[in-house]
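Participant: Let's see this in three dimensions:
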Amino acid sequence: MAHGDITHIDIPVTDLGRATEFYSGLFGWQIAEVPGFEGYPMWQAPNKISGGGLAPREDGFTQPRSYVEVDSIDETVAAAKDAGGTVLMEKSQISPTSWWAVIGDPDGNAIGLYEGMTES
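Facilitator: Residues are numbered from 1 along each chain as shown. As a prediction, this is how the structure comes out:
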C-alpha cells in the first residue's frame, strides 16, 4: 500500500463471538484470530483487500477507526500537530517491522496511522 491509503479498520465490540457472527453473516467477511494477536480477530472482506480487526470496546474507543498507511509515523504526527491535530496515542510497535499511532484531527476525529509491514 502507498502513503495515504486506508489499510485497516478497527471496529469496537463488546462481545467478540456475537460480532463475529453478525459481520460474517451480514457481509460474508472471513473472521479469524491470527497467531500472536489472540483476542483480536481480524476480518477480511470478500474482495481480499479490505480488512481490519474486531477490537474490545473501551473508553476512548467507541467508534470504528480507520488506519492510514504512512511512510513515517514520526513525520506524519509532526505534520498533524503543525496543522492543528493532536496525538491521542503515541507510536507503538506492532511487530519488528511495523508500528501504529493515533492522532486527532481539529474536529476531534480519531485517525489511526500505520507504518511498515506485518510479518507473514
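Participant: excluding its backbone neighbours, what's nearest Gly116?
Facilitator: Using C-beta to C-beta, 6 or more residues apart in numbering and skipping the chain neighbours, the partner closest in space to Gly116 is Ser98 (3.3 Å). Where you see a C-beta, it was placed from the backbone N, CA and C, and this is true even at glycine.
Participant: beta partners for the one you found?
Facilitator: Ser95, Gly116 (DSSP bridges).
Participant: Am I right that it is in contact with Leu113?
Facilitator: No: using C-beta atoms under 8 Å, Ser98 is not in contact with Leu113; the gap is 11.1 Å.
Participant: Between the two, which has more neighbouring residues?
Facilitator: Leu113 (23 against 13; other C-beta atoms under 10 Å).
Participant: pretty sure the more buried one belongs to a strand, no?
Facilitator: Yes: applying DSSP: H, G, I helix; E, B strand; the rest coil, one finds Leu113 inside a strand.
Participant: and the closest residue to Trp29 other than its chain neighbours, helix, strand or coil?
Facilitator: Nearest non-adjacent residue to Trp29, counting by C-beta to C-beta, 6+ apart: Trp43, 4.4 Å away. Assigned by three-state DSSP, the conformation of Trp43 is strand.
Participant: Trp43 pairs with what?
Facilitator: Beta-bridge partners, per DSSP bridges, of Trp43: Ile31, Gly52.
Participant: is it fair to say Val77 lies in a helix?
Facilitator: Yes: per three-state DSSP, Val77 lies within a helix segment.
Participant: Report the rounded mean pLDDT for the longest helix along the chain.
Facilitator: In the chain, with assignment by DSSP state H, the single longest helix is helix 16-27. When pLDDT is averaged over helix 16-27, the result is 95.
Participant: who touches Tyr114 in this structure?
Facilitator: 7-8, 67-70, 98-100 (C-beta atoms under 8 Å, 6 or more residues apart in numbering).
Participant: try it again with 10 Å
Facilitator: 1, 5-8, 66-70, 73, 94, 98-101 (C-beta atoms under 10 Å, 6 or more residues apart in numbering).
Participant: Tell me which helix or strand the residue nearest to it when sequence neighbours are not counted sits in.
Facilitator: Distances taken as C-beta to C-beta, 6+ apart put Tyr67 closest to Tyr114, at 4.6 Å, once the chain neighbours are dropped. Using DSSP states H and E, Tyr67 sits in strand 65-69.
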